[in-house]
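1. quick one, what's the 3D model for this:
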Amino acid sequence: MSRLALLLALLLTAGCTGSPDTRGPFPAGSDLVREAATSFASVRSVHFAAGVNGVLPGFPLRQIEGDATLDDGGTATGTADVQDGDGHTKFPFTVHDDQELPYRVGAFLGPQGGLKRLLDGVTDAKTEGRENVDDAPALRIAGRVPAAVAHSVLAQVNADLTVKVWVADDGGPRRFVRLWVQIPPAGDHLSPVMIELSLTEQRP
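-> Model prediction:
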């Protein structure tokens with residue numbers, strides 16, 4: 001898989017401060033995730049920042065940050081840090097959906113995109129507490145995502161995911177603002193892989 005393809009693969013795929021306030025009552029986790037999925041379906045442009053902790057075979061990304069938009073046919077620009085043998089390489093990128101790539105902005109943003117499908121697939125959702133994300137109040141929801149849904153978003157994943165979803169709690173729409181994913185290890189000698197994704201500057 002090319003570097004450019006790998007860059008957009010993480011658009012599945014932060015900044016929480018302080019300990020969560022676990023004093024309830026809180027809205028039901030399933031309702032929060034559903035409302036966030038509905039809100040996110042209309043997002044056409046977003047700033048994203050993500051990091052990968054661990055080794056996911058065929059997926060050497062360590063960090064990525066940039067801007068993605070569905071406008072003008074779909075474009076993403078930013079910088080990426082990719083594992084390269086025993087070291088790593090950091091470089092800027094610009095990719096367009098009309099390039100011959102297996103991953104496109106349109107595969108992740110929009111009403112049929114992978115991030116919306118991931119939210120739609122969350123099960124066993126439970127609201128854990130309230131904390132700040134990027135200096136704004138948010139509610140944290142824990143849940144799981146079935147392997148079939150996860151694989152449809154990121155082909156390298158073939159197992160159920162443990163997830164945490166942060167949803168804005170600022171009096172406006174229930175926006176999807178952050179995601180934490182734990183992927184079970186691919187082998188006995190490996191550790192779980194964690195992916196964190198922050199989504200800011202969302203525009204319809």
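
2. helices or strands up against the longest helix seen in the chain?
-> Using DSSP state H to define each element, the chain has its longest helix at helix 29-40. Applying 3 or more Cβ pairs under 8 Å, 6 or more residues apart in numbering; DSSP states H and E, one finds that helix 29-40 makes contact with helix 114-120, strand 123-133, strand 136-145, strand 161-168, strand 176-183. The way it works is simple: take the backbone N, C-alpha and C, and place the C-beta from them, glycine included.

3. other residues contacting the next helix or strand after that helix?
-> Proceeding C-terminally, helix 29-40 gives way to strand 45-53 as the next helix or strand, assigned by DSSP states H and E. By Cβ atoms under 8 Å, 6 or more residues apart in numbering, the surrounding residues in contact with strand 45-53 are 10-14, 59, 61-71, 78, 109, 193-203.

4. strand 176-183 and strand 45-53, what's the angle between them?
-> Strand 45-53 and strand 176-183 meet at an angle of 30 degrees, taking axes from the mean of the first three to the mean of the last three Cα atoms, to 10 degrees as the criterion.

5. mean confidence score for the following helix or strand past strand 45-53?
-> Tracing the chain past strand 45-53, the next element assigned as helix or strand by DSSP H and E is strand 61-69. Per-residue confidence for strand 61-69 averages out to 92 on the pLDDT scale.

6. mind listing what's buried in strand 61-69?
-> Within strand 61-69, the residues that qualify as buried are 61-64, 66, 68-69, counting by 16 or more other Cβ atoms under 10 Å.

7. any idea how far that strand is from the chain center?
-> Strand 61-69 has its C-alpha centroid displaced from the chain centroid by 11 Å (Cα atoms, centre = their mean, to the nearest Å).

8. likewise stretch 134-143?
-> Centroid separation between stretch 134-143 and its chain, computed with Cα atoms, centre = their mean, is 14 Å.

9. just the buried positions in it, please.
-> By neighbour count on 16+ other Cβ under 10 Å, the buried set for stretch 134-143 is 134, 138-143.

10. then stretch 145-152?
-> With burial defined by 16+ other Cβ under 10 Å, the residues of stretch 145-152 counted as buried are 145, 149-150.

11. that stretch: how far from the chain's middle?
-> Going by Cα atoms, centre = their mean, where stretch 145-152 is centred and where its chain is centred differ by 14 Å.

12. stretch 175-182 now?
-> Taking the mean C-alpha point of stretch 175-182 and that of its whole chain, the gap between them comes to 6 Å (Cα atoms, centre = their mean).

13. coming back round to it: between the buried residues of strand 61-69, which sits nearest residue 87?
-> Nearest to residue 87 among these: residue 62, at 10.7 Å, using Cβ to Cβ.

14. would you confirm that the closest one contacts residue 79?
-> No. At 11.4 Å, residue 62 and residue 79 do not qualify as touching, with contact defined as Cβ atoms under 8 Å.

15. just for the chain, where's the confidence low?
-> Scanning the chain for pLDDT under 70 picks out 1-19, 100-103.

16. that's all I had, so thanks and see you.
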